[in-house]
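In: Would you be able to build a 3D model of this:
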Amino acid sequence: MAKYIIKGGSKAQGEVTISGSKNAALPIIAATILNGGKTTLYNVPKIHDTEMMFEILKKIGGKVTKKENKVIIETSKINKYEIPDDLMRQMRSSVIFVGSIVGKYKKAKFSYPGGCDIGTRPIDLHLKAFEKLGINISKNYGNISCSCDRIIGENIDLEFPSVGATENAILASCLAEGKTTITNAAREPEIIDLQSFLNKMGAKIKGAGSNIIEIEGVKHLKDVSYNIMPDRIEAGTFLCMAAMTSGNIKLKKVNPSHITPIIDKLEEAGCKMTIDKNEIDIIAPKKLKAVDIKTMPYPGFPTDMQSIFATILCTAKGTSIIVENIFENRYKYVQELIRMGAKIKIESRTAVIKGVKKLYGANVKATDLRGGASMVLAAIAAKGTTTIENIEYILRGYEKFDKKIRDLGIDIKIEE
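Out: The predicted structure is shown next:
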């Protein structure tokens, strides 16, 4: 098991180029099944989760050729319709393959997905959406089978604006007969990126970014090349790194409109931001001010940034309150911050953070992907040396994380 060893106390200063979005790349990789041909993707992040998606594609008969951040995917010879159980258990996002496989081949088989333990994330919304489209679902000892003779467009009203359920419903509907309307759809930028990709492939989808998405089924989809959008959570993470270390950095290849709530909260905390078309400069004060946060579905404050913001508020002036409205088990990282000297009290979904003068180096562990990133920020700002174990979680979602951090003047190394 690998670990980070970080010597704290340096300011984050310099430039960082934001990688392609993990949460946009995963459904787009799954969607390559739908054209049954060749897809060329650019700006694909080289991280554990995209590697897992490629492994699944290869196991079911796809071919993947990689060159740096360019990936060529061939799906004309897919001959299996079951997602391997061992890969399904490693990554929750693997469930996004189901919409593509059943949409293309009218059958799919899979087990319940794994991933970060940040709370109950049931896939019942996905399955209800499939059933609305005329897909039969049968469950047997943890395995789920989907099958149908044809997929008929229908109205799908989601009980909650789930990103995964919205994406799976879109993927299953692209080649359906007739029109599908998804109401209470998730509005994340990654869904707009999926729509743009599929429309370039020849799909007829409109409404992504709003809460109503309409898909007019088509008979065929064509070969396509596409450039993945930048990762807004990585962008937010590096902005917070500057904020916590009284640093100043320039983000390049970023879409500022995707991270408005993050920018707003950093400015409220006292950071100065200069925003250009695809660049952001941040200059952080000596001491951040306390702010209050409530996580909400997009365009609200993202749950993926909750642990990272909680961490930077540990040394802010005053008391901050965070309310987590999306996942009920997303405070597991807090015990690790307390080991470093943070003063945080958790009650149900609320965290009360009383700012302290300093955090101190300690032996800690990553509890999940974003909680792991928050440990890295804490370690960079802390006095002394911190060892972070279980960094496999972090490598799931951040490309070349330690290199990018080193380029900002931070002393970080990986030890196997």
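In: Where does pLDDT dip in this protein?
Out: Confidence mapping of the chain against pLDDT under 70 gives the ranges 114-122.
In: where along the stretch 51-200 of the chain do the strands fall?
Out: Here the stretch 51-200 of the chain has its strands, by DSSP state E, counting those that start in this stretch, at 63-67, 70-74, 107-111, 136-140, 143-147, 155-157, 179-183.
In: Mind putting those into CSV with distance to Glu55 and mean neighbour count?
Out: Yep, even glycine has a C-beta here, placed from its N, CA and C like the rest. Shown next, in CSV, are the strands of the stretch 51-200 of the chain (distance: least, Cβ to Cβ, whole Å; neighbours: other Cβ atoms under 10 Å):
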stretch, distance to Glu55, mean neighbour count
strand 63-67, 9, 13
strand 70-74, 13, 19
strand 107-111, 15, 20
strand 136-140, 25, 11
strand 143-147, 19, 18
strand 155-157, 30, 16
strand 179-183, 29, 20
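In: closest one to Gly236 among those?
Out: Nearest to Gly236 among the strands of the stretch 51-200 of the chain is strand 70-74; the distance by Cβ to Cβ comes to 25.0 Å.
In: The strands of the stretch 51-200 of the chain into TSV, with extra columns for distance to Thr303?
Out: Formatted as TSV, the strands of the stretch 51-200 of the chain follow (distance: least, Cβ to Cβ, whole Å):
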stretch	distance to Thr303
strand 63-67	31
strand 70-74	28
strand 107-111	25
strand 136-140	28
strand 143-147	26
strand 155-157	23
strand 179-183	21
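In: do you know which of these lies nearest Asn278?
Out: With Cβ to Cβ as the yardstick, what comes closest out of those is strand 70-74 (19.9 Å).
In: what are the pairing partners of that closest one, and which direction each?
Out: Its sheet considered, strand 70-74 pairs with strand 38-42 (antiparallel), strand 63-67 (antiparallel) by DSSP bridges.
In: Export it to PDB, keeping only CA atoms.
Out: Extracted C-alpha coordinates of strand 70-74, given in PDB (Å, rounded to 0.1, in the frame of the first residue of the first chain):
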ATOM      1  CA  LYS A  70      -5.700  10.400 -26.100                       C
ATOM      2  CA  VAL A  71      -7.600   7.200 -26.100                       C
ATOM      3  CA  ILE A  72      -9.000   5.200 -29.100                       C
ATOM      4  CA  ILE A  73     -11.900   2.900 -28.200                       C
ATOM      5  CA  GLU A  74     -13.200   0.200 -30.600                       C
END
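In: starting at the chain centroid, how far to that strand?
Out: From the chain centre to the centre of strand 70-74 is a distance of 21 Å (Cα atoms, centre = their mean, to the nearest Å).
In: now for the strands paired with strand 70-74, which one comes closest to Gly103?
Out: strand 38-42 (15.3 Å).
In: ok, the residue lying closest to Phe301 once chain neighbours are set aside to Ala243 distance?
Out: Excluding the flanking residues, the one nearest Phe301 by Cβ to Cβ, 6 or more residues apart in numbering is Pro261, at 4.4 Å. According to Cβ to Cβ, to the nearest Å, Pro261 stands 14 Å off from Ala243.
In: higher neighbour count, the two?
Out: Between Pro261 and Ala243, counted using other Cβ atoms under 10 Å, Ala243 has the larger neighbour count: 28 against 18.
In: ok, now which ones touch the more buried one?
Out: 266, 269, 271, 282, 284, 288, 312 (Cβ atoms under 8 Å, 6 or more residues apart in numbering).
In: same deal with Tyr331?
Out: 307, 324, 346, 351.
In: Nice, that's everything, thank you.
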